[in-house]
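the following block contains a protein sequence and its predicted model.
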Amino acid sequence: MIELRNVSLKYGDKEILKNISLTVRDNTIKAILGPSGVGKSTILKLMLGLIKPNSGQVIIDGTDITPMKEASLYSIRRKMGMVFQGNALFDSLTISQNLGFFLRENMKLPEEEIERRVSEQIQFAGLEGYEDQLPESLSGGMRRRVAIGRALIFKPHMILFDEPTAGLDPVSSKKILSLISDLRNNNNLGAVIVTHIIDDVFNVADCVAVLYQGEIIFDDVTEKLNQSQHPFIRSILSDKILEL
Amino acid sequence: MLLTILRRQEKAVALWLKDFILTMQEFFLFSVRTFKAFPKAGRYWRDVLDQASICGTDSIPIVLVSAISIGSLLAIEVGNLLEDFGAKTMLGRSTSLSVIRELGPLLMGLMLSARFGSRNGAELGAMQISEQIDALRAFGTDPVAKLVMPRLVAALIMFLPLTALSDFAGLHSAAYMAEHYHRLDPGIFWNAVYPRLAPKDFVVGFLKAPVFAIIITLVSSFNGFSARGGTAGVGRSTIKGIVVSSGLVLVANFYVSKIVLENM
């Protein structure tokens, strides 16, 4: 379980997050919805301990990670997988090398086990035949699937998605969303999805938090989003995609 | 009106100063983290070898070209000057001191600052912009140990032989020019070189290699890690890395010479 308690964050004079609290339970998909540049991706980085809040606590499975040093955070981070908005694949490595990279780096597994896990993810992502290609030769949807495979290869409890369908065509978006649903249904995996696309929220999320001007203005099950009377939520429900 | 302008200026200077101090603090911590990662060099030996090839063997042509040019030029100019005093036989002595103490290591440092430093800045900057460095951290790998420490270890190992190569090429090109341009007997040239070189001449020259390795690698890598603002940001951080490291190489060159020559 991931918990943010009264978290505030400033970049210089700009207040990004104002005393927000948020809980993500295991085996649920939680969406964080908000316009671009509002600090949604920052929340994911806080959850991983990549940045530290100015005040408040970030609690992962009961452990407050805010005072922890970088070296002690690595083991906590391995409980979670992260899919970055731009995929963050290593462009000089092949697809199979990308998938196996962190297993080789951080886990003392025999090479056969690493290769078994890599081919498992290749199959899961439907990328058979592309093992030896470089990321640049794949389409956006394929690269996103490799990034998801790389996040899954550690067998994490929770997976964090930063704008999983941004920049993808409708077919690829649909594939990625169904992949995320499958993960929860078949692998009992929890997920946090940061997005500005409302359809994504209704398609996969069990619950949703809406971030607006650095504050959480809605945090409940997805079905109740339609009942919210907040003017901002009413306006985004009519526009479907947040472009500010 | 004037008071408002002055206050604005004062605020800008204060902000710049605060920024500068913060950057220095971050650079210091970054350097400490890099040195603390040295025990992991065995684990990342493949990366060390890759980087040794990039900053070592791949840099040989540029180091040779610069050393040969400066050695030849030095022999011609100094030879002309010494001829006026009837002291052309001292050509070997003067060029060898200049090349071994100063110009060999300095030129190698500047060339590597441009070649190795720019590569570090651009590569790490691009990785930072595309969130690959965040990905390393997110999946539990220390990016400093994986990306910076191997570069520093490789530079520390390779800059010494490159300095020796630069000295060798510079001296031999000077000897060639002494013989063919100034018509000086090679025996006279080399007799003024080897018997007269003292250990401190080599210490001055070769001590600069690790100092330059540390400056170039840490400054360029730190700037790569600090890249912000898309591809233009990568360009800015790369240029900053080269300019700062080249400037520091020149300053360090002076102080290493001064300290060693005054104390040996």
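Everything's here; your move. Remember, it's a predicted structure, so these values are computed and weren't measured experimentally.

wasn't residue B:134 part of a helix?
Yes - secondary structure of residue B:134 (DSSP: H, G, I helix; E, B strand; the rest coil): part of a helix.

roughly how far apart are it and chain A?
As judged by CB to the nearest CB, to the nearest Å, residue B:134 and chain A stand 6 Å apart. The way it works is simple: take the backbone N, C-alpha and C, and place the C-beta from them, glycine included.

for the closest residue to that residue other than its chain neighbours, helix, strand, or coil?
Of all residues not flanking residue B:134 in the chain, residue A:50 sits nearest, at 5.9 Å (CB to CB, 6 or more residues apart in numbering or on different chains). Counting by three-state DSSP, the backbone at residue A:50 sits in coil.

need the contact list for residue A:50.
Applying CB atoms under 8 Å, 6 or more residues apart in numbering or on different chains, we find residue A:50 in contact with B:134, B:137, B:138.

ok, residue A:76 next?
A:49, A:60, A:63, A:65, A:68.

and the most centrally placed residue in chain B, what is it in contact with?
In chain B, the C-alpha nearest the mean C-alpha coordinate belongs to residue B:109, at 2.9 Å (CA atoms, centre = their mean). The contact partners of residue B:109, by CB under 8 Å, 6+ apart, come to B:208, B:212, B:216, B:249, B:253.

what's the answer for residue B:127, then?
B:133, B:147, B:224.

also residue A:31?
Going by CB under 8 Å, 6+ apart, residue A:31 touches A:192, A:193, A:194, A:195, A:200, A:201, A:204, A:205, A:207, A:208, A:209, A:222.

can you show me the strands along chain A?
A:2-11, A:14-24, A:29-33, A:55-60, A:63-64, A:80-83, A:158-162, A:190-195, A:207-212, A:215-221 (DSSP state E).

can you say which of these is nearest to residue B:93?
The closest of these to residue B:93 is strand A:2-11. By CB to CB, the value is 59.9 Å.

what is the closest one packed up against?
Applying 3 or more CB pairs under 8 Å, 6 or more residues apart in numbering or on different chains; DSSP states H and E, one finds that strand A:2-11 makes contact with strand A:14-24, helix A:40-48, strand A:55-60.

which one of the ones you listed lies closest to chain B?
Closest to chain B of those, according to CB to the nearest CB: helix A:40-48, at 5.2 Å.

check which helices and strands that closest one sits against.
Helix A:40-48 is packed against strand A:2-11, strand A:14-24, strand A:29-33, strand A:55-60, strand A:80-83, strand A:158-162, strand A:190-195, helix B:132-138, with contacts defined by 3+ CB pairs under 8 Å, 6+ apart.

kindly state the pLDDT recorded for the residue nearest to residue A:34 when sequence neighbours are not counted?
Leaving out its chain neighbours, the residue that sits closest to residue A:34 by CB to CB, 6+ apart is residue A:211, at 3.7 Å. We have a pLDDT of 92 for residue A:211.

got it, and residue A:109?
According to the model, residue A:109 scores 86 on pLDDT.

neighbours of the residue nearest to it when sequence neighbours are not counted, just the number please.
Excluding its sequence neighbours, the residue lying closest to residue A:109 (CB to CB, 6+ apart) is residue A:103, at 5.8 Å. Neighbourhood size, residue A:103 [other CB atoms under 10 Å in any protein chain shown]: 20.

what residues does residue A:103 make contact with?
Shown in contact with residue A:103 (CB under 8 Å, 6+ apart): A:109, A:114, A:117, A:118, A:153, A:154.

return the item of the residues you listed having minimum pLDDT.
Among the contacts of residue A:103, residue A:154 has the lowest pLDDT, at 83.

perfect, I'm done here.
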